[in-house]
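Asks: Here is my input, please return the structure:
(chains A and B)
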Number of protein chains: 2
Amino acid sequence: MTKPNDLILRAALGQDVERTPVWVMRQAGRVLPEYRAVRAKAGSFKGLLFQPELAAEVTIQPVDLLGVDAAILFSDILVIPEAMGLEYRMDEGRGPSFEQTIRSEADLKKITTNGIEENLEYVFQTIRLIKQELGDRVPLIGFAGAPWTIFCYMVEGKGSKTFSMPRAMIMSNPELAHTLLQAITDATIIYLKAQIREGCQMIQLFDSWAGALNNDSYNTFALPYLKQICEAIQDVPKTVFSLGAFFSLEELSQLPCNTIGLDWHMDPRWARKVVGGEKTLQGNLDPAILYGDYSFIRLRTQEMLQKFGPNRHIANLGHGVYPDIHADKLKCFIDTVKEYQHSK
Amino acid sequence: MTKPNDLILRAALGQDVERTPVWVMRQAGRVLPEYRAVRAKAGSFKGLLFQPELAAEVTIQPVDLLGVDAAILFSDILVIPEAMGLEYRMDEGRGPSFEQTIRSEADLKKITTNGIEENLEYVFQTIRLIKQELGDRVPLIGFAGAPWTIFCYMVEGKGSKTFSMPRAMIMSNPELAHTLLQAITDATIIYLKAQIREGCQMIQLFDSWAGALNNDSYNTFALPYLKQICEAIQDVPKTVFSLGAFFSLEELSQLPCNTIGLDWHMDPRWARKVVGGEKTLQGNLDPAILYGDYSFIRLRTQEMLQKFGPNRHIANLGHGVYPDIHADKLKCFIDTVKEYQHSK
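Replies: Numbering: from 1, shown residues only, chains lettered A, B, ... in the order given. Predicted coordinates:
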């Protein structure tokens, strides 16, 4: 029996590690031909989510095929608004869309925080299947969308360049915005606690639309809810990844979480200076670097590792891997991290 | 005869001003009902571009209707790729798209930097008509897309969340990327010089997709071309607005330009510290604030003015005004700037 690989948990907790651990956002995804085969069998993205055997299979694929130091539950951040009452569609090439949105007090009756666990039972079944097959080989990461990001989808009803509708709501009706954000937060806490109960050993909050705000509005409409979640989740290490939130990095580093995810825009040394020494940093190779040749990928990955240094770092890309990257290029990134020796 | 209002030129040059000047990105646009009427008459967005009388009319509308301190030429950044040989379509609600793209050395034969002035004669005719009608009431701002942003469209062929194709090209074929960026730069210099010859008194470069890069790649593939343009344009004040380029603000402030445009993510005091005292700053109210009520808009505008201080500031939003904002809300922002008294 091989020794469990808990590098990523130790790195998150600031303990000693033999080498920098690595995983990749969207590692269970279209970058792997083996994923695409399972996805084809499932028929659709949501079909894959709702079939726990298949979702478990694609969760484990990158552990076997890429040699990453963690598995991350294959799921979607939008299962929360759906569990609250707003169904969504995911159309190939067009992204998610909701038929119903929340734009007035009256719309609040469309959603509930009751029955969250029952509605998400298919996710928990996926986690149980993953744990059976994965054992202790590597830790399993659970996740959820950050309340601000989920709010964006529930108000706008789809993806957007500017998310002007949710931004309009926080300006014109902050009370309604806070009510909705609180409901999302309550549902998310229930969801994450259940993920941990079923076996997730670490969790990550994805604030994909943090960049639609600025320091003022992020402090008012995003951070307080992240804080509630971080305070409610006590048993496992927590990572917060706020894409584009360079303007609030200092405040993010005050959250009661273990790790701050950095997007590829942020210089690791600048981030370390802003965050201080008490948090682990995760990231942040520009995913477009994987379009380069192998020697270029190795060089840039080594430069990144050097900038972060040997401690309190979990290597990752600075955003999800692009689906048209060749899996061997991604493997080159992962192998470079695993082989890297920090100079003493 | 009224005295010419040259506040904005003086602010750009760092000279004394009686009050902070103000204009608004996309002020000549859908936010004005009067614009929508002319746009309907023109039949389409591109129809409006190609009819100099109508384009001149919508350029001047915000001067009369909103009382801004500058007019900005009504045009589009994509007239440059079109003048170089790549025609584009602008479909309502779907944004621009190009049938032809540049993705290989062979594709370079589709484009040329010959005949730029001839191909853009309709723009120069618009400028002449504007100058006839506008006189010296306020200065006329000319503009162009920054080479990196134009490159994004020519490679990707349409808008994108990640612009992964142009980012792939700079990683996998930097030589081709530099060749294309240089051609765009050459065409842009010809275009801007002609705008100035016809009467534009100030120019702005829009780097709308700066945020798709990071410090490294921005320094290599964007800044050198901005620098060439700023060096080539000597006669009028120059503004560089790089949306999302917080990571390169320090390098941007080294460009031989007069004004740095700030998006709404950047705190004015932080930006002033990074940029230093030698440049005028432009911006940067969050455009979503105009969804709030009048007293909220006034309060936030006053706070912004206070943060920038009385000198070397041109007030603007931190991004183009959203088309669904009520024109009276926009006027409230403009009036608040014009009435504001900095405490001595």
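Asks: list the contacts for A:Glu251?
Replies: By C-beta atoms under 8 Å, 6 or more residues apart in numbering or on different chains, the residues touching A:Glu251 are A:Asn215, A:Tyr218, A:Asn219, A:Leu223. For every residue, glycine as well, the C-beta is placed using N, CA and C.
Asks: Quick check: phi and psi at the last one.
Replies: Dihedral angles phi and psi of A:Leu223 (degrees, to the nearest 10) take the values phi -60, psi -40.
Asks: and it, how far is that from A:Leu249?
Replies: Note on A:Leu223: its distance to A:Leu249, by C-beta to C-beta, to the nearest Å, is 11 Å.
Asks: Looking at the two, which has the bigger crowd around it?
Replies: A:Leu223 (25 against 18; other C-beta atoms under 10 Å in any protein chain shown).
Asks: quick one: the nearest residue to that one once chain neighbours are set aside from B:Leu285, how far?
Replies: Nearest residue to A:Leu223, sequence neighbours excluded (C-beta to C-beta, 6 or more residues apart in numbering or on different chains): A:Glu251, at 5.7 Å. Note on A:Glu251: its distance to B:Leu285, by C-beta to C-beta, is 21 Å.
Asks: cool, and A:Ala232?
Replies: Separation of A:Ala232 from B:Leu285 (C-beta to C-beta): 35 Å.
Asks: Those two: who's more crowded?
Replies: Set A:Ala232 next to B:Leu285 and count neighbours by other C-beta under 10 Å: B:Leu285 wins out with 24 against 15.
Asks: can you pull out the strands in the stretch 51-200 of chain A?
Replies: For the stretch 51-200 of chain A, the strands defined by DSSP state E, counting those that start in this stretch cover A:71-72, A:88-91, A:95-98, A:140-145.
Asks: any idea which of those strands is most buried?
Replies: Mean neighbour count (mean count of other C-beta atoms under 10 Å in any protein chain shown) peaks for strand A:71-72 among the strands of the stretch 51-200 of chain A, with a mean of 26.
Asks: What lies in contact with it?
Replies: Applying C-beta under 8 Å, 6+ apart, the contact partners of strand A:71-72 are A:23, A:25, A:27-28, A:59-60, A:62-63, A:130, A:134, A:138-143, A:204.
Asks: Strand partners (parallel or antiparallel) of that strand?
Replies: strand A:140-145 (parallel) (DSSP bridges).
Asks: Could I get the buried residue list for stretch A:217-232?
Replies: For stretch A:217-232, burial by neighbour count (16 or more other C-beta atoms under 10 Å in any protein chain shown) applies to A:Ser217, A:Tyr218, A:Phe221, A:Ala222, A:Leu223, A:Tyr225, A:Leu226, A:Lys227, A:Gln228, A:Ile229, A:Cys230.
Asks: quick one: average confidence on it?
Replies: For stretch A:217-232, mean pLDDT rounds to 98.
Asks: With stretch A:25-34 instead?
Replies: On average, the pLDDT along stretch A:25-34 is 97.
Asks: Which residues outside that stretch are in contact with it?
Replies: By C-beta under 8 Å, 6+ apart, the residues outside stretch A:25-34 that reach it are A:35-36, A:39, A:58-59, A:61-62, A:65-66, A:68, A:71-72, A:74, A:241, A:316-317, A:319-323, A:325, A:327, A:330.
Asks: rewinding a little: identify, from the contacts of A:Glu251, the entry nearest to B:Arg94.
Replies: A:Tyr218 (30.2 Å; C-beta to C-beta).
Asks: you'd agree that closest one is in a helix?
Replies: Yes - judged by DSSP: H, G, I helix; E, B strand; the rest coil, A:Tyr218 forms part of a helix.
Asks: Now for the residue nearest to it when sequence neighbours are not counted, how many residues are close by?
Replies: In this structure, A:Tyr218 finds its nearest non-sequential neighbour in A:Ser248, 4.4 Å apart by C-beta to C-beta, 6+ apart. Neighbourhood size, A:Ser248 [other C-beta under 10 Å]: 23.
Asks: Likewise for A:Pro33?
Replies: A:Pro33 has 11 nearby residues by other C-beta under 10 Å.
Asks: Centre of the chain to stretch A:259-275, how far?
Replies: Distance of stretch A:259-275 from the chain centroid (C-alpha atoms, centre = their mean, to the nearest Å) equals 16 Å.
Asks: what residues does the stretch 51-200 of chain A put near chain B?
Replies: Near chain B, the residues belonging to the stretch 51-200 of chain A are A:Gly159, A:Lys161, A:Thr162, A:Ser164, A:Arg167, A:Ala168, A:Met169, A:Ile170, A:Met171, A:Ser172 when assessed by C-beta under 8 Å from any C-beta of the partner chain.
Asks: The last one touches B:Tyr294, doesn't it?
Replies: No - the criterion here is C-beta atoms under 8 Å, and A:Ser172 misses it with B:Tyr294 at 11.7 Å.
Asks: residues contacting A:Phe247?
Replies: For A:Phe247, the contacting residues are A:Asn214, A:Asn215, A:Tyr218, B:Phe246, B:His265, B:Met266, B:Asp267, by C-beta under 8 Å, 6+ apart.
Asks: okay if I get the residues you listed as TSV plus distance to A:Leu78 and secondary structure?
Replies: Converted to TSV, these look like this (distance: C-beta to C-beta, whole Å; DSSP: H, G, I helix; E, B strand; the rest coil):
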residue	distance to A:Leu78	secondary structure
A:Asn214	25	coil
A:Asn215	27	helix
A:Tyr218	21	helix
B:Phe246	29	helix
B:His265	25	coil
B:Met266	30	coil
B:Asp267	32	coil
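Asks: Among those, which one sits closest to B:Met90?
Replies: Distances from B:Met90 to the contacts of A:Phe247, taken by C-beta to C-beta, are shortest for B:His265, at 27.2 Å.
Asks: Contact partners for the closest one?
Replies: Residues counted as contacts of B:His265 (C-beta under 8 Å, 6+ apart) are A:Gly211, A:Leu213, A:Asn214, A:Asn215, A:Gly244, A:Phe246, A:Phe247, B:Gly244, B:Phe246, B:Gly318.
Asks: Low-confidence ranges, the stretch 1-150 of chain A, go.
Replies: Scanning the stretch 1-150 of chain A for pLDDT under 70 picks out A:1-2.
Asks: Would you map the helices across it?
Replies: In the stretch 1-150 of chain A, the helices defined using DSSP state H, counting those that start in this stretch lie at A:7-12, A:33-42, A:45-49, A:52-66, A:79-84, A:116-119, A:121-134, A:147-156.
Asks: if we can go back for a sec, can you read off the pLDDT for the residue nearest to A:Leu223?
Replies: A:Glu251 is assigned a predicted lDDT (pLDDT) of 98.
Asks: Distance of it relative to chain B?
Replies: Remark: distance between A:Glu251 and chain B (C-beta to the nearest C-beta, to the nearest Å) = 12 Å.
Asks: how close does that residue sit to A:Leu299?
Replies: In terms of C-beta to C-beta, A:Glu251 sits 34 Å off from A:Leu299.
Asks: Grab the nearest non-local neighbour of A:Ser208.
Replies: A:Thr149 (4.9 Å).
Asks: hang on, the earlier thing: the residue nearest to A:Tyr218 reaches A:Asn219, doesn't it?
Replies: Yes - A:Ser248 is in contact with A:Asn219 according to C-beta under 8 Å; the separation is 6.6 Å.
Asks: Pick out the residue nearest the middle of chain A.
Replies: The centroid of chain A falls nearest to A:Phe206 when counting by C-alpha atoms, centre = their mean (4.3 Å).
Asks: Count the residues that sit near A:Arg197.
Replies: Look at A:Arg197: counted by other C-beta under 10 Å, it has 12 neighbours.
Asks: cool, the one 3 residues further on as well?
Replies: Residues lying near A:Cys200 (other C-beta under 10 Å) number 26.
Asks: ok, and the closest non-adjacent residue to it?
Replies: Using C-beta to C-beta, 6+ apart and skipping the chain neighbours, the partner closest in space to A:Cys200 is A:Gly142 (3.1 Å).
Asks: Fine by me, thanks again.
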